[in-house]
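Peer 1: Pasting the sequence and the predicted model now:
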Amino acid sequence: MPGLRSILDAGLAPRPFIGNPLLTPFITILLELLRVNRDSSLYPEERRIKFADKVRVEYDFIVIGGGSAGAVVASRLSENPAWKVLLLEAGPDESSVSDVPVLANHLQQGSFDWQYRVEPQPGRACLGIKDGRCNWPRGKVLGGSSVLNYMLYVRGNKGDYDGWENLGNPGWGYESVLPYFKKSEDNKNPYLARDTQHHGTDGYLTVQEPPWKTPIALSFIEAGVELGYENRDCNGARQTGFMLPQATMRRGARCSTAKAFLRPVGDRPNLDILLESHVMKIVIDPNTRKAKGVKFVRNGQFFQTFARKEVIVCGGTVNTPQILMLSGVGPDHHLRNLGIPVRANLPVGQNLMDHYGTFGLVGTLNQEVTLNEKRLLPYLLPAIIKYTKNDSGPLTLLGGVEGLSWINTKYANISADRPDIEFHFSSGHLASESGTVRAAQGVTDRVYDTLYSPLEGRDIFGFLVFLTRPKSKGHIKLSSRNPFDKPIIQAGYFTDSEDMRTLVEGMKFALRLVKTKAFKKYGGKIWSGRKMPGCEQFKLWSDDYLACLARQYTNTGYHHVGTAKMGPATDPSAVVDHRLRVHGIHGLRVVDASIMPTVPSGNTNAPVIMIGEKGSDLIKEDWGFHQ
């Protein structure tokens, strides 16, 4: 079917169209209307980039990975017209359909996703997920995971960055990184933008609240206020509180880093961007320990190009350690076991962290105030027209996420504004639609049929409850010397018992939220008609039952960090220094989420963009370029 083929090429996963064939013609219409109505003369961000058709022998800088950080780095370094910059991206260009916010779920398991899965964690986590392996979506597309994510613009907590500095990383405290958050930001909400101490309005990255919301979204905020929390800008002076989401969105559409940082500069003569270019290894001189260049494959052809100044790895928390280890930078014993010559014995792949938790809790309502695919289907064509003509309507929802909050459990230091739980409030759940979220999460048929299928057709909502600063850590290793083989991901969920105790307290807070007047006005209740399979022996809503629920329906927060940790040479767990230079290797830096020493207390896309901005300035300073 040509319509379905074009949809899959646009990055959408096939599962929802199999579950509900009626979606195919609607998405085909959406594609055509976007083509007609989003003309590049009116929407400059829609203009196509002039991609390189050949590779130079040598560049000043080679940037590996055109994702959330790499797009920023390539854009900023090419501001110097004397520098030749090559950006290598393994995936294709983003599409007009990937820009549609409500379709965020549909992009997971599609052609823009690396489709990683963690190793099984028997008895500990992901027990109700197929094969016991939680999915870890990562962007394989220009713009990286900023094309797959839910567009939530969250900076984290001041204490996160002050903590980085205290670990021996000067220049990474909150007051030092705040200007880089503001540098990127173009905030379109007047009531936020007037706080010039915390927000910027002149950056490439557009930030705004979604223009449309369901009634239940406001109930989430009101419920938080009922329980003593403030409705506040959690990216401002304090984090603890509730808010409607701020999003990387422009004119009702996703504002990825490709759209924000690359499309305005894609015709620079000194910037070459190569898509579908899979990096095999970094070439490192064994005598000088200098990164000389990169080997990569494109369209079945092998290429090698050289870097006069630096190779900059921006592959992300999974791909960066894989590339480094394939290049001989990593744990000595692991590389030798695979027959890879060691260029630097460093703990690459260790220190893996993620905001993880559970999406197991679901609530019911007795009024039509949420997203429900079957009910909305007859109104989908008008919604498509409203979106493509007026940049508004339900298609601007952030994959269903309509509320955010940071709360304190009994384990948090309330006086320090260091909340230990984050909530994503969703105006829908697994049974709200034809299988998109279910496929993306990998929930087993047993779990779905037993616990969630009775809710099909009803108005329901969900809470993604996750830890802001988990103690548990995992690691990443190579599965082989083959650069096309996926690495081994050991997530390490619940290896520290404190994580489960904190998460259970967060889940108990969710139960309290649903008992507030704000939810009761719509007949809100937590679904208690069935128990989670595997948890039948526990009393419903007891601590043991909630812990079991979390072990069965474990969920990633999509915030994987730390596998090339930033720290001084005296830190045995560090891979890069505070200027992001790889210890022991000249001309090689890492600029992405993998350098984070600890995971920030919130969604990681905005912090990664900040790292891209600051990392670019560090590189410019070191090579004597001052604007």
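Peer 2: All right, it came through fine.
Peer 1: ok, and what's touching stretch 380-391?
Peer 2: Stretch 380-391 has contacts (CB atoms under 8 Å, 6 or more residues apart in numbering) with 26, 29-30, 33-34, 36-38, 100, 211, 251-253, 376, 392-396. Placement of C-beta: from N, CA and C, glycine included.
Peer 1: how about a cut-off of 7 Å?
Peer 2: Under the criterion CB atoms under 7 Å, 6 or more residues apart in numbering, residues 26, 29-30, 33-34, 37, 251-252, 392-396 lie in contact with stretch 380-391.
Peer 1: same thing with stretch 111-125?
Peer 2: Taking CB under 7 Å, 6+ apart as the rule, stretch 111-125 contacts 8-9, 11, 91, 98, 107, 109, 126, 131-141, 147-148, 318, 486, 488-491, 493-494, 551, 554.
Peer 1: hmm, which of these are the buried ones?
Peer 2: Among the contacts of stretch 111-125, those that count as buried by neighbour count (16 or more other CB atoms under 10 Å) are 11, 91, 98, 107, 109, 126, 132-141, 147-148, 318, 486, 489-491, 493-494, 551, 554.
Peer 1: Inside helices: which ones of the residues you listed?
Peer 2: Among these, the residues falling in helices (DSSP state H) are 107, 318, 551.
Peer 1: Of those, which is the nearest to Ile62?
Peer 2: Taking CB to CB as the measure, Ile62 sits nearest to Val318 out of those, at 19.9 Å.
Peer 1: my read: that closest one touches Pro487, true?
Peer 2: Yes. Contact criterion CB atoms under 7 Å: Val318 and Pro487 qualify, at 6.4 Å.
Peer 1: In strands, which of the contacts of stretch 111-125 appear?
Peer 2: Secondary structure assignment by DSSP state E places 135-136, 488-490, 554 of the contacts of stretch 111-125 in strands.
Peer 1: pLDDT and distance to Ile273 for these - can I get that in a markdown table?
Peer 2: Listed next are the ones in strands among the contacts of stretch 111-125 as a markdown table, based on pLDDT from 0 to 100; distance: CB to CB, whole Å:
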| residue | pLDDT | distance to Ile273 |
| --- | --- | --- |
| Asn135 | 97 | 29 |
| Trp136 | 98 | 26 |
| Ile488 | 98 | 31 |
| Ile489 | 98 | 28 |
| Gln490 | 98 | 34 |
| Thr554 | 98 | 37 |
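Peer 1: Which two of those residues have the greatest separation?
Peer 2: Ile488 and Thr554 (18.3 Å).
Peer 1: What residues sit buried inside the helix or strand of the chain with the lowest mean pLDDT?
Peer 2: In the chain, no helix or strand scores lower on mean pLDDT, DSSP states H and E than helix 15-19, which sits at a mean of 71. Across helix 15-19, burial judged by 16+ other CB under 10 Å covers 15-17.
Peer 1: sec struct for the nearest residue to Leu478 once chain neighbours are set aside, please.
Peer 2: Using CB to CB, 6 or more residues apart in numbering and skipping the chain neighbours, the partner closest in space to Leu478 is Met325 (5.2 Å). Assigned by DSSP: H, G, I helix; E, B strand; the rest coil, the conformation of Met325 is helix.
Peer 1: neighbours around Met325, how many?
Peer 2: Other residues lying near Met325 total 25 when counted by other CB atoms under 10 Å.
Peer 1: got it, and Leu398?
Peer 2: Burial of Leu398 is recorded as 23 neighbouring residues (other CB under 10 Å).
Peer 1: just the one 10 residues further on next, same as before
Peer 2: Under the neighbour criterion other CB under 10 Å, Asn408 is assigned a count of 20.
Peer 1: Isn't it up against Pro419?
Peer 2: Yes. Contact between Asn408 and Pro419 holds when scored by CB under 7 Å: they sit 5.2 Å apart.
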